[in-house]
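*Asks:* Show me the folded form of this:
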Amino acid sequence: MGVFSRFMDIVNANINAMLDKAEDPEKMIRMMLQEMEDTLIELKSSCAAKLARATKTGRLIDEQKALIQRWQARAALAVERGFDDLAREAIAEKRRAQQELDRLTEEQTRLDDLIKAAKADIVMLEDKLDSVKLKYQSILEKARREREKARADESARKADESETLRRFREMEEKIDRMNAENQMNGTGTTSRSTEERFRDLEEAEAVERELQNLRRQSEGEEK
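*Replies:* Residues are numbered from 1 along each chain as shown. Predicted coordinates for the structure are as follows:
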């Protein structure tokens, strides 16, 4: 594909639509940037070649103008000295020089138009390239934020798991202490009132229910 065809494809491309459909937008936009930068280099190289040709053509035009003046002067000198045949030859050379000047002038005009168009294409592609670079930075920033959010979510999840485990262990220890106290009370004395014994039983039941809730919560998070 020629540089102009690639340039037109790039300029006419809907970058946002292409990125929306891409499986890996970051990879795709890097490829776009590389293609655009390569195309821009070729456009600038082509424009530089045209500028060089225009400079050379301008120099040849100046030479042809000087040549025309020289043949004009020679024709006048020959007529003045009575050498009409020599004057005719000088006039013929002058006409050939004029034809070459006309051709070079047309070539110069064509090159000027090409150079103007090439510069406009370069500006257009540079603008497109700048917009894609901004898009690329936006994608990188979005990816960075997503990575930071994922790390924060993971840290929060681990913190929740740690807190649940701590509470679970505290409940186990509390039940163990209460069981131990009940055993001691049951074997050591009968002075405790019925109210106290039922209160202890109810508290143990409440603790057991909370422990079961913590266990279910812990099992749910592991799944």
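
*Asks:* What distance do you get for Gly58 to Glu26?
*Replies:* According to C-beta to C-beta, to the nearest Å, Gly58 stands 48 Å off from Glu26. (C-beta placed from N, C-alpha, C; glycine too.)

*Asks:* Hmm, I typed the wrong one, I wanted Glu210.
*Replies:* Taking C-beta to C-beta, one finds Glu210 at 48 Å from Glu26.

*Asks:* same deal with Arg177?
*Replies:* Arg177 sits at a distance of 57 Å from Glu26 (criterion: C-beta to C-beta).

*Asks:* same check, this time on Arg209
*Replies:* Computed as C-beta to C-beta, the Arg209 to Glu26 distance reads 51 Å.

*Asks:* for the residue nearest the centre of the chain, what are its contacts?
*Replies:* Compute the mean C-alpha point of the chain, and by C-alpha atoms, centre = their mean the closest residue is Tyr136, 2.3 Å away. Shown in contact with Tyr136 (C-beta atoms under 8 Å, 6 or more residues apart in numbering): Glu26, Ile29, Arg30, Leu33.

*Asks:* Including pLDDT and distance to Asp200, could these go into a markdown table?
*Replies:* Shown next, in a markdown table, are the contacts of Tyr136 (pLDDT from 0 to 100; distance: C-beta to C-beta, whole Å):
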| residue | pLDDT | distance to Asp200 |
| --- | --- | --- |
| Glu26 | 76 | 63 |
| Ile29 | 79 | 68 |
| Arg30 | 82 | 69 |
| Leu33 | 85 | 73 |
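
*Asks:* Tell me the secondary structure at Asn82.
*Replies:* One thing to correct before we go on: residue 82 is Gly, not Asn. Assigned by DSSP: H, G, I helix; E, B strand; the rest coil, the conformation of Gly82 is coil.

*Asks:* what's the neighbour count on it?
*Replies:* Gly82 sits with 8 neighbouring residues when counted by other C-beta atoms under 10 Å.
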